[in-house]
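1. any chance you could fold what I've pasted below:
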Amino acid sequence: MDIRNCKECGKLFQYDGISKLCYQCRRRDDEDFKKVKEYVYDHPGANITIVSEETEVSEDKILRYLREGKLEIVGESPGLVLDCERCGKAIRTGRYCEECSREIERGLKSGFDRFAKKREKFREKDKMYITEIKKKR
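-> You can find the predicted model right below:
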């Protein structure tokens, strides 16, 4: 059982591996998200300050929804701006632009491939070593 403190209110709760928020804060966060989503749907082109004021949801939360990929900037909305955390290019949702995402993915895949090859070499050496021990007996 994994017990953690809620990132929002600080209360202890049983962590489920999904959210860093307790049940009550997660429920409030879901309600805030629905308010923001509905407002943005009804008022396309509204900037982040207006969305925050009208929905009473903090700008930080709205930016978090964008970073998490829950919301996407649609059309030419000068009031909602999100930058790639790697290169600074303007993006519509998430943390990275498509180009940086592909580069990161390629880097991770090549790292996993190198790790798998090294692991296979060690397994082969272990097999040989165990075989040699059996021959000596």
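2. let's see the pLDDT reported for residue 76.
-> With respect to pLDDT, residue 76 scores 61.
3. could you measure from residue 66 over to residue 50?
-> Counting by Cβ to Cβ, to the nearest Å, the separation of residue 66 from residue 50 is 15 Å. C-beta here means a position set from N, CA and C on the backbone, and glycine is covered the same way.
4. between the two, which is the more surrounded one?
-> Legend: neighbour count by other Cβ atoms under 10 Å for residue 66 and residue 50, higher for residue 66 (22 against 13).
5. look at that one and report its pLDDT.
-> 89.
6. and it, that one's in a helix?
-> Yes - the assignment for residue 66 by DSSP: H, G, I helix; E, B strand; the rest coil puts it in a helix.
7. show me what contacts it?
-> Contact analysis of residue 66 by Cβ atoms under 8 Å, 6 or more residues apart in numbering lists 72-73, 80, 82, 93-94.
8. ok, those residues vs residue 14, which is closest?
-> Relative to residue 14, the closest of those is residue 94; by Cβ to Cβ it sits at 29.1 Å.
9. do I have it right that that closest one meets residue 69?
-> Yes - contact criterion Cβ atoms under 8 Å: residue 94 and residue 69 qualify, at 5.0 Å.
10. with neighbour numbers in mind, choose between these two.
-> residue 94 (17 against 11).
11. contacting residues for that one?
-> Contact analysis of residue 94 by Cβ under 8 Å, 6+ apart lists 66-67, 69, 101.
12. please tell me how far it sits from residue 103.
-> Distance, residue 94 to residue 103, by Cβ to Cβ: 14 Å.
13. so what sits opposite residue 82 in the bridge?
-> On the basis of DSSP bridges, residue 82 is bridged to residue 91.
14. domain ranges for this structure?
-> Listed by automatic domain parsing, the domain ranges of the chain are 27-95, 97-137.
15. mind putting the ones you listed into TSV with distance to residue 17?
-> Listed next are the domains of the chain as TSV, based on distance: least, Cβ to Cβ, whole Å:
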stretch	distance to residue 17
domain 27-95	16
domain 97-137	21
